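Visitor: Below are the sequence and a predicted model; questions follow.
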Amino acid sequence: MFKVAILVEKSLADSLFLKKDLEFLGTFAQFNPVEELPAKITLEFMDEKLENADACITCWRTPTFTKELLDRHPKLRFIMHGAGAVRNLVCPEFWDMKGRHISSNAPIIAKDVAQTTLAFMMPSLKQFWQMSAMIRSGMWKGGEAGNFTTMNVDKDLKVGLIGCSLVGKEVIQILKPFGCSIKVWDPYMSPIEAEMLGVEKAELNDLLSTSDVVSMHAPANEDCRNIINAQNLPLIRDGAVFINTARGLEVDETALIEELKKGRFFACLDVTSPEPPAMDNPLRTLPNVILTPHMAGGHAMQNRSLMGRNAIKEVYNYLTKGLIAYEVRGEMLSHMA
């Protein structure tokens, strides 16, 4: 029988793992009891539970696997990350270690983030946030309330996606039935892939200046740091909606705040840099900003148990069949979130 180390905080594990899924895990592996998991995972806890482990399951807030930790546990062959991004989960040396593999729930979380993107998009285009604020202030339509001009999600809507990651591709699929015109800036996407997806590959400045909705889905690497900045923010159209469910580092926040103070466009931000934003950060109070606490992906309750079940399924398939449905490799990091 195999050994699997569960390296997940107790509160997360309770929402991830259903009893029947843990029972299935027990049919092929020994594992540390979920009810005995700590409130916080430490390197010391990991070191203890990884003794003779063939695989492990991690999630948000699991500490980084250091080279020293990995060297002490040569039997560990497979890391299944129950969340999405693995960039900070393992040390740089991991990617050159032979016989070791890592997977994640990124494809599941991508669907969740894409739906959050749509959830930001539709009420923003309909100006529900502004209408709600107007009513709370005691006004009603007409007269002193002014006129609202809204947009539909249809063939006339121009959407610009910055990055065509897993999330970007999910957004494209969600928008397809609406017939929207979609432009994508992504240096990693070939013209053939753009054609297959039914989108137009565009230059960044062209995308910013022609889109009604601009949505961030670029990878969190140095090439994309402050890719949206003081030079190109003025290109965003008046009345447009700017959405960021990717990473805060991709946007020059100071420049974004200055542009938002002009009231020209609306921003929906699930991420900032740093997180959380300071209490006096204008993003917390600007009337044309919706701010959520980095919860776009993995927080839908129906997804939690799916994430846990998929993590166990991936471990089973690897240990018993040598199969990995979604393997993350080092060369993929440059264009992943």
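Guide: It's in.
Visitor: low-scoring pLDDT stretches of the chain, where are they?
Guide: 142-147, 300-301, 336-337 (pLDDT under 70).
Visitor: which residues in the stretch 201-337 of the chain form strands?
Guide: 213-216, 241-244, 266-269, 289-291 (DSSP state E, counting those that start in this stretch).
Visitor: closest to residue 100 out of those?
Guide: strand 213-216 (31.8 Å; CB to CB). (Each C-beta comes from the backbone N, C-alpha and C, glycine too.)
Visitor: In JSON lines: the strands of the stretch 201-337 of the chain, plus distance to residue 129 and mean neighbour count.
Guide: Conversion of the strands of the stretch 201-337 of the chain to JSON lines gives the following (distance: least, CB to CB, whole Å; neighbours: other CB atoms under 10 Å):
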{"stretch": "strand 213-216", "distance to residue 129": "15", "mean neighbour count": "27"}
{"stretch": "strand 241-244", "distance to residue 129": "10", "mean neighbour count": "26"}
{"stretch": "strand 266-269", "distance to residue 129": "7", "mean neighbour count": "24"}
{"stretch": "strand 289-291", "distance to residue 129": "6", "mean neighbour count": "17"}
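Visitor: can you list the ones you listed in TSV and add distance to residue 175?
Guide: Below are the strands of the stretch 201-337 of the chain laid out as TSV (distance: least, CB to CB, whole Å):
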stretch	distance to residue 175
strand 213-216	9
strand 241-244	13
strand 266-269	16
strand 289-291	20
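Visitor: Run through the helices of the stretch 201-337 of the chain in chain order.
Guide: Using DSSP state H, counting those that start in this stretch, the helices of the stretch 201-337 of the chain run over 204-210, 253-260, 301-321.
Visitor: buried stuff in the helix or strand containing residue 112?
Guide: Assigned by DSSP states H and E, residue 112 belongs to helix 106-125. Residues of helix 106-125 classed as buried by neighbour count (16 or more other CB atoms under 10 Å): 106-118, 120-125.
Visitor: now what about the helix or strand following it, what contacts it?
Guide: Moving toward the C-terminus from helix 106-125, the next helix or strand (DSSP H and E) is helix 128-136. Here helix 128-136 makes contact (CB atoms under 8 Å, 6 or more residues apart in numbering) with 123, 140, 145, 148, 266, 287-288, 290.
Visitor: from the residues you listed, which two are the most distant?
Guide: Spatially, the most separated pair among the contacts of helix 128-136 is 140 and 290, at 22.6 Å (CB to CB).
Visitor: tell me the domain ranges of this structure?
Guide: The chain resolves into domains spanning 2-108+300-335, 151-291 when parsed by automatic domain parsing.
Visitor: Same list (the ones you listed) but as TSV, adding distance to residue 136.
Guide: Listed next are the domains of the chain as TSV, based on distance: least, CB to CB, whole Å:
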stretch	distance to residue 136
domain 2-108+300-335	28
domain 151-291	11
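Visitor: Against residue 93, how distant is the closest residue to residue 95 other than its chain neighbours?
Guide: Excluding the flanking residues, the one nearest residue 95 by CB to CB, 6 or more residues apart in numbering is residue 330, at 3.2 Å. Distance of residue 330 to residue 93, computed by CB to CB, to the nearest Å: 10 Å.
Visitor: Repeat that for residue 111.
Guide: Computed as CB to CB, the residue 111 to residue 93 distance reads 32 Å.
Visitor: Can you tell me how far residue 149 is from residue 42?
Guide: Distance of residue 149 to residue 42, computed by CB to CB: 54 Å.
Visitor: Between those two, tell me which one has more neighbours.
Guide: In terms of neighbours (other CB atoms under 10 Å), residue 42 is the more surrounded of residue 149 and residue 42; the figures are 12 against 6.
Visitor: Spell out which residues sit in contact with that one, please.
Guide: Contacts of residue 42 by CB under 8 Å, 6+ apart are residue 63.
Visitor: For it, which phi and psi angles does the backbone take?
Guide: phi -120, psi 170 (degrees, to the nearest 10).
Visitor: Likewise for residue 73?
Guide: The phi/psi pair for residue 73 (degrees, to the nearest 10) is phi -130, psi 70.
Visitor: who's in contact with it?
Guide: 47, 50-51, 53 are the contacts of residue 73 under CB under 8 Å, 6+ apart.
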